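[1] This is the structure alone, sequence omitted:
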């Protein structure tokens, strides 16, 4: 292996702007303020992700926005090594509140990730839209 192949750069890549809808606008407005919101169902009490009006567990429309510290553990991840921007990783984080979030990982080299690692949300600028939640090691 060459020297560049053995080095593991800290990951970061451009993220496309998210599609903002009436249903998700409060989430993206909070993200622009550096706050991470999830939805919780008042009927069954379960938190869910991706934020939506109807609970995916009981189909109730009694959902409310709740601010989350945005902390959790890596459930699984995959490293994309053949990207034009260099290696990056995506995967699922299980939030402390329970929901699993599909995300990008930043602030760590690909070989520095581990299942079970504690991570915290950060917000990364997107290409012309609100910042997107990404996760980095605590």
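    Right, received. Where do you want to start? None of the values given here were measured: they were computed from a predicted structure.

[2] what's around the nearest residue to residue 131 once chain neighbours are set aside, how many residues?
    If the residues on either side of it in the chain are set aside, residue 131 comes closest to residue 123, at 3.8 Å by Cβ to Cβ, 6 or more residues apart in numbering. All C-beta spots, glycine's among them, are computed from the backbone N, C-alpha and C. Residue 123 sits with 18 neighbouring residues when counted by other Cβ atoms under 10 Å.

[3] quick one: contacts for residue 123?
    Under the criterion of Cβ atoms under 8 Å, 6 or more residues apart in numbering, the contact list for residue 123 reads 31, 34, 131-134.

[4] swap the cut-off to 10 Å and go again
    30-36, 70, 130-134 (Cβ atoms under 10 Å, 6 or more residues apart in numbering).

[5] what about the spatially most central residue of the chain, is that helix, strand or coil?
    The chain has residue 103 as the residue nearest its centroid, 3.6 Å off, counting by Cα atoms, centre = their mean. Secondary structure, DSSP: H, G, I helix; E, B strand; the rest coil: residue 103 is strand.
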